[in-house]
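**Student:** Turn this into a structure:
(one chain, ligands or ions: 1)
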Amino acid sequence: MEAMQNLSDISEVFLARGQAKPGYMWAESNSDSSPAENAKLPEMPDSSCTAKDFSSIHSKDLLPHPDGEKMTRNFLQELLGILLAYVGKTFDRSSKVLDFHHPHQLKEGLEGFSLELPDQPENLEQILVDCRDTLKYGVKTGHPRFFNQLSSGLDVIGLAGEWLTSTANTNMFTFEISPVFILMEEIVLRKMQEKVGWAAEEGDGIFCPGGSMSNLYSLLLARYDRYPEVKTGGMAELPRLALFTSEHSHYSIRKAAAVLGIGTKNVFVVKCDERGKMIPDELESCIIRAKTLGCVPFYVNATAGTTVYGAFDPLHNIADICAKHNLWMHVDAAWGGGLLMSKRHRGKLQGIERASSVTWNPHKMMGVPLQCAALLVRKKGLLQECNQLKAEYLFQPDKQYDVSYDTGDKSIQCGRHVDIFKLWLMWKAKGSEGFSMQVNRCLENAEYLFNCLSKRADFELVCNSKPEHSNVCFWYIPPSLRGVSPGPERDKRLHEVAPKIKAKMMEEGMVMIGYQPLKDKVNFFRCVFSNPATRKEDVDFLLDEITRLGCGL
Ligand SMILES: *Cc1c(COP(=O)(O)O)cnc(C)c1O
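**Tutor:** The predicted structure is shown next:
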C-alpha cells in the first residue's frame, strides 16, 4: 500500500513536469535544439511539484547540509527527468544513435558545455546542463539501430538495478558490508554453473571487471593448480609454459599471458576452419610441437562464440585432447555464454560442462548493463587458495558470522564493484524463460539479416553458412566494383569501402555498425544482435543506409 502511494507520488511529479520543461530537458521534437538555447532555465512557478530555479543553488546546499533534504530531492528529481528523457530517446527510432563531434570539438567546448574543471563551484543548473549534454554527445548504445558492439540494449530493470547499486555504494569484499549482495552473487553463480552443467558439489566463481579479466583469472588458476609454488617463488621456479588458443580467439588471452609473465611467444595460435572454429587436429599438432620445443603445455582456451565470426569451437573434441594431455581446459564464452539460457541454442555449447573454467559475460548476450562478467571455476576452493593473502584489517577470522562469506580474498582486487544486483534483479523480473526468449529473438534477427543478404547482388557474405551466433559478417559491393573480377586490385578497393561508409554513417548518426579486416579478408562489416529492442525493420534500415551511403563509391 505504502509502496503504491510512493509510486503515484513520483508519477504526479512527472505529470506536472510535462507542462513546463526547464532548459536542460530535451526538446520534445526530434530536431535537437542547440545547447545554447537550452542552457538557461526559464522562470518556473514555485510549487512543490515543479522545477526549482537551480541557478543560485550549489552542491553544498544539498545533503549533508542540515536543511538540504528538500533541495536534494528536487535536484535528484530533475536529474531523473533528464535520465528518463534519455531513456525515451534511446527507444525512439526517429532519434539519432549519436551526435558525432571530433575530439578537438568536444575539448574546445561546445556552447554551454565545457569539459574544463573550475576552481570555484558551479551552480546546479550548470551541473544539470552538464549531465544532459554528457548524454547528448554520447552514443545511445541501447538504440535499436546500434549494431556496433557485442554489448548493447538498455534494459529497464537492469538500469534500475544499476541505480540502486550506486545508491547503496558498497563494496564486495566482505559479508560485513555487503551481506545481501554477497549472497546474491553466490546464488547467481550457482545458477550459472547449473546452466554450464556442473554438479551441485562442484563449482566456484567470481564476478570480475570484464571477460578479459575472467580470462586472466583462468590462466592464473590453471598455472597455480599445476605449480602452486608460483605464488611465492614466481616464474623463476617454473619451466617454460605453453598455452593454446585459436587464431580467432579474443586477444585478451595473449594479453593475459603477457601480464602473467608467461609471454606471448609461448601462446601457440591454433588454426581454424573457414567458419572460424578451432581445428582439433591442429591443436594436437601444436601441443606436440610445443613439447618438442621444450615447453610444458598446461592450458587450452576454447572459444564459444568468437568475437568477429561468432563461431563455436568443437568443445568435446578439444576436451578429449585436454584429457589426453592433462591440460586445463578453459572455455571463453564471454559472447556465447548467453546461449546457454536458450533451449533452442544451448546445444551449440555441448561439452562446456567438461571445462575447468568458463568466462561468461552477462553484459553481452544477456543485455545486462555494463559491467557484468563472471568467471566460473569447476574446482572448489582453488580461487581462494590461489589468491588469498589474508589481509588482517579486512578478513578477520574471528568475526561473529560464517567468514567463508567474506569472498573478497578470492579476488586479485581489493575493492570490487557490485555487479551482481542488476543481473539478479533482471533474472527475477524475466525468469530464465525471459532470457531464453531474448536470446532467441536476437538470433532470429541474425538469421533474417543472413537471409536478406544471401538474396542480394549488392552484398556478399563473408561466410555462406547460416550463422550459429548473432554475428553476420558481410561486404557491401558498390556498383563500381560489381563487375570487377576477384584479385588484389578489387581487394584493395573493397578494403576502403567499409571505412568510408562508416565515416559517413557516424556523421549522420542514424545507425552504427562496426567493421574490421580479418586474416586474408579485407575490411568487412560485422553486424551483431544483442539488443532485444531491435526488429526486422531496423535490419532493413541498416541495409538501406549502407546502400544509400555507399552506392556512389
Ligand atoms: C568481448 C570478449 C572478451 C572480452 O570481454 P570484456 O568484457 O570486453 O573484457 C573476451 N572474449 C570474447 C570471446 C569476447 O567476445
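**Student:** While we're on the residue in the stretch 51-200 of the chain positioned nearest to the ligand, how confident is the model there?
**Tutor:** As assessed by CB to the nearest ligand atom, the ligand sits closest to L150 within the stretch 51-200 of the chain, at 5.5 Å. From N, CA and C alone the C-beta is placed, and that goes for glycine too. As predicted, L150 sits at a pLDDT of 96.
**Student:** Longest helix of this structure, counting residues only.
**Tutor:** For the chain, the longest helix by residue count, based on DSSP state H, is helix 420-455.
**Student:** buried stuff in the helix or strand following that helix?
**Tutor:** Later in the chain than helix 420-455, the nearest helix or strand by DSSP states H and E is strand 459-461. By 16 or more other CB atoms under 10 Å, the buried positions in strand 459-461 come out as F459, L461.
**Student:** after strand 459-461 comes which helix or strand?
**Tutor:** For strand 459-461, the succeeding helix or strand toward the C-terminus, using DSSP H and E, is strand 471-476.
**Student:** On the three-state scheme, S485 is what?
**Tutor:** The three-state label given to S485 by DSSP: H, G, I helix; E, B strand; the rest coil is coil.
**Student:** Need the per-residue pLDDT for it.
**Tutor:** On pLDDT, S485 comes in at 95.
**Student:** With E37 instead?
**Tutor:** You'll see E37 listed with a pLDDT of 40.
**Student:** What of the one 10 residues further on?
**Tutor:** In the prediction, the pLDDT value recorded for S47 is 41.
**Student:** what's the burial count for the closest residue to I318 other than its chain neighbours?
**Tutor:** Among residues not flanking I318 along the chain, A302 sits closest, at 4.7 Å (CB to CB, 6 or more residues apart in numbering). Neighbour count for A302, taken as other CB atoms under 10 Å: 32.
**Student:** L164 and L260, how far apart?
**Tutor:** From L164 over to L260 the distance is 35 Å, taken as CB to CB, to the nearest Å.
**Student:** The two: who's more crowded?
**Tutor:** Using other CB under 10 Å, the more surrounded residue of L164 and L260 is L260, with 16 against 13.
**Student:** In terms of pLDDT, where does the residue lying closest to L340 once chain neighbours are set aside sit?
**Tutor:** Residue nearest to L340 in three dimensions, not counting chain neighbours: K195, with 4.3 Å by CB to CB, 6+ apart. pLDDT for K195: 98.
**Student:** K195 against L339, yeah?
**Tutor:** No: using CB atoms under 8 Å as the test, K195 is too far from L339 to be in contact (9.9 Å).
**Student:** shared neighbours, the two?
**Tutor:** Contact criterion CB atoms under 8 Å, 6 or more residues apart in numbering; residues shared by K195 and L339: R346.
**Student:** about what we covered before: and the residue nearest to L340, how many neighbours?
**Tutor:** 22.
**Student:** what's the angle between the helix or strand where it lies and helix 420-455?
**Tutor:** Here K195, judged by DSSP H and E, is contained in helix 179-196. Following axes from the mean of the first three to the mean of the last three CA atoms, to 10 degrees, one obtains 40 degrees for the angle between helix 179-196 and helix 420-455.
**Student:** Now do the contacts for the residue of the chain found nearest the ligand.
**Tutor:** Taking CB to the nearest ligand atom, the ligand has its nearest neighbour within the chain at G211, 2.6 Å off. With contact taken as CB under 8 Å, 6+ apart, G211 is in contact with H250, S252, D332, A334, T359, N361, K364, A373.
**Student:** Could you rerun that using 6 Å?
**Tutor:** A334, T359, N361, A373 (CB atoms under 6 Å, 6 or more residues apart in numbering).
**Student:** Please see if the helix or strand following the helix holding K195 touches the ligand.
**Tutor:** As assigned by DSSP H and E, the chain's next helix or strand after helix 179-196 is strand 204-208. No: figure legend: strand 204-208 not in contact with the ligand (CB under 6 Å from any ligand atom); closest approach 9.0 Å.
**Student:** For strand 204-208, name the packing helices and strands.
**Tutor:** Contacting strand 204-208 under the criterion 3 or more CB pairs under 6 Å, 6 or more residues apart in numbering; DSSP states H and E are the following elements: strand 373-377.
**Student:** repeat that with 8 Å
**Tutor:** Under the contact definition 3 or more CB pairs under 8 Å, 6 or more residues apart in numbering; DSSP states H and E, strand 204-208 sits against helix 179-196, helix 211-226, strand 373-377, helix 382-387.
**Student:** which helices and strands does the shortest one pack with?
**Tutor:** With contacts defined as 3+ CB pairs under 8 Å, 6+ apart, strand 373-377 has these neighbours: helix 179-196, strand 204-208, helix 211-226, strand 357-360.
**Student:** mind listing what that strand pairs with, with the direction of each?
**Tutor:** Strands that pair with strand 373-377, judged by DSSP bridges, come out as strand 204-208 (antiparallel), strand 357-360 (antiparallel).
**Student:** R223: which of those strands is closest?
**Tutor:** Nearest to R223 among these is strand 357-360 (11.9 Å), distances taken as CB to CB.
**Student:** wouldn't N523 be in contact with A498 here?
**Tutor:** Yes: using CB under 8 Å, N523 is in contact with A498, at 4.2 Å.
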